[in-house]
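Q: sequence unknown, structure follows:
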């Protein structure tokens with residue numbers, strides 16, 4: 001395995017003219033993790049093991065210590081694969097073992113900052129795939145090779161700038177796509193005392209920063225100091241679209257549920273989400289660098305403070321409950337800053353597609369609910385049952401258009 005990684009490294013470095021700056025390292029990390037050779041990094045497969053070995057190799061380069069001498073950087077956990085009735089996998093659920101990759105900078109400090117990202121993806125199209133065709137490699141360049149690249153970059157910066165007021169624990173999670181299995185396991189079997197964790201920072205899909213430089217930042221209500229830090233952060237002209245809740249469909253949730261303050265960073269959905277088209281040539285590498293600088297500025301602020309106080313967010317239970325009996329079959333644009341809920345992508349063959357809704361439409365009314373943001377959109381969905389009809393009003397190129405949908 002080491003020979004394979006080293007050979008690939010030489011090829012990539014040669015193609016990038018042997019430059020060693022931060023941007024080129026980000027490219028190397030993403031291109032390797034999102035290569036066909038890793039076959040989509042599905043948990044429990046050869047591709048996942050290769051990705052884990054690569055991340056461990058990078059940890060060693062950066063001088064991190066592992067969990068212990070026996071297991072090194074790897075924390076194994078059991079899983080049972082979920083069955084997706086609309087996906088490519090059928091039959092009985094598959095059981096096996098995945099592995100988290102855990103590295104540590106031990107500064108003998110009283111508090112620890114956890115920095116994480118998941119590295120697993122959908123393989124050839126496991127549960128969660130939105131690909132309707134024949135099985136194909138889902139490389140997951142944005143989801144989530146981008147987050148791993150950003151995590152490794154920040155580890156490099158932390159070491160270089162000698163941040164010593166905190167310990168730093170880095171976790172590359174597997175099993176995220178199956179239901180946060182890796183992060184749940186770590187939260188239940190931590191390698192450090194979670195009561196000493198100041199914050200858990202999670203990067204999931206940070207590879208498609210848009211031209212407006214809008215970044216979704218979730219969890220700012222999980223500690224009183226976080227909101228002010230975000231409001232005062234103006235690194236690289238990034239505009240933060242924030243939410244208070246510590247609960248969401250990514251690994252920070254596992255830590256929030258253990259009373260740890262969390263921040264989740266996300267550059268938004270796109271048409272390649274959970275499809276074979278999420279490849280490295282579509283990644284905004286400069287954007288990953290900008291997002292990393294933004295997050296690193298926050299890390300430096302948190303590092304310089306006393307341990308953050310945890311706050312439970314009011315809307316966490318509401319958001320964690322799956323109260324929707326219907327869906328439009330669209331991907332919301334989570335980084336949209338205007339009024340309404342902009343559609344990032346309409347899924348073929350689903351409710352919105354059949355009604356004639358299009359990518360870029362901004363939903364401003366759903367039934368009798370005026371949609372001012374994504375939360376009002378979800379409130380509107382919650383009023384309907386399967387088989388019912390509703391009128392949807394959208395803005396398309398500045399004009400109001402009314403469509404009838406059948407759920």
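A: Good, I have the coordinates. On a predicted model such as this, the values are computed, not experimentally measured, just so you know.
Q: low-scoring pLDDT stretches of the protein, where are they?
A: 1-20, 81-93, 315-324 (pLDDT under 70).
Q: Do a quick rundown of the strands in it.
A: Taking DSSP state E, the strands of the chain run over residues 74-80, 95-105, 112-118, 167-173, 197-203, 214-218, 239-243, 262-266, 330-332, 341-346, 362-366, 369-370, 389-396, 399-406.
Q: now the helices: where do they sit in the stretch 201-350 of the chain?
A: 226-231, 252-256, 285-304, 316-320 (DSSP state H, counting those that start in this stretch).
Q: Identify, out of the strands of the chain, the most deeply packed stretch.
A: Comparing those by mean neighbour count (mean count of other C-beta atoms under 10 Å), strand 197-203 comes out on top with a mean of 28. For glycine as for every other residue, the C-beta is placed from the backbone atoms N, C-alpha and C.
Q: Tell me how far that strand lies from the chain's centre.
A: Offset of strand 197-203 from its chain centre (C-alpha atoms, centre = their mean, to the nearest Å): 13 Å.
Q: quick one: it to strand 112-118, angle?
A: Relative orientation of strand 197-203 versus strand 112-118 (axes from the mean of the first three to the mean of the last three C-alpha atoms, to 10 degrees): 20 degrees.
Q: quick one on the thing from earlier: distance to residue 130 added to the strands of the chain, as TSV?
A: TSV is the format used below for the strands of the chain (distance: least, C-beta to C-beta, whole Å):
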stretch	distance to residue 130
strand 74-80	21
strand 95-105	22
strand 112-118	18
strand 167-173	21
strand 197-203	22
strand 214-218	20
strand 239-243	23
strand 262-266	17
strand 330-332	9
strand 341-346	9
strand 362-366	20
strand 369-370	26
strand 389-396	21
strand 399-406	20
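Q: Please identify which of the helices of the stretch 201-350 of the chain is closest to residue 203.
A: Residue 203 sits nearest to helix 285-304 of all the helices of the stretch 201-350 of the chain, at 7.1 Å, using C-beta to C-beta.
Q: Please list the residues outside that closest one that contact it.
A: 22-23, 26-27, 30, 113, 115, 146, 149-150, 153-154, 157-158, 161, 163, 165-166, 198-199, 201, 203, 206-209, 213, 215, 229-230, 233, 235-236, 238, 263, 265, 267, 308 (C-beta atoms under 8 Å, 6 or more residues apart in numbering).
Q: Going by neighbour count, list what's buried in it.
A: For helix 285-304, a neighbour-count test (16 or more other C-beta atoms under 10 Å) marks 285, 287-299, 302-303 as buried.
Q: which among these gets closest to residue 102?
A: residue 299 (18.1 Å).
Q: where's the closest one relative to residue 151, distance?
A: 11 Å (C-beta to C-beta, to the nearest Å).
Q: what residues are shared contacts of the two?
A: residue 115.
Q: before we move on, back to that, how about the strands of the chain, which one is nearest residue 45?
A: strand 95-105 (8.6 Å).
Q: and that closest one, what does it pack onto?
A: helix 46-62, strand 74-80, helix 146-160, strand 167-173, helix 181-188 (3 or more C-beta pairs under 8 Å, 6 or more residues apart in numbering; DSSP states H and E).
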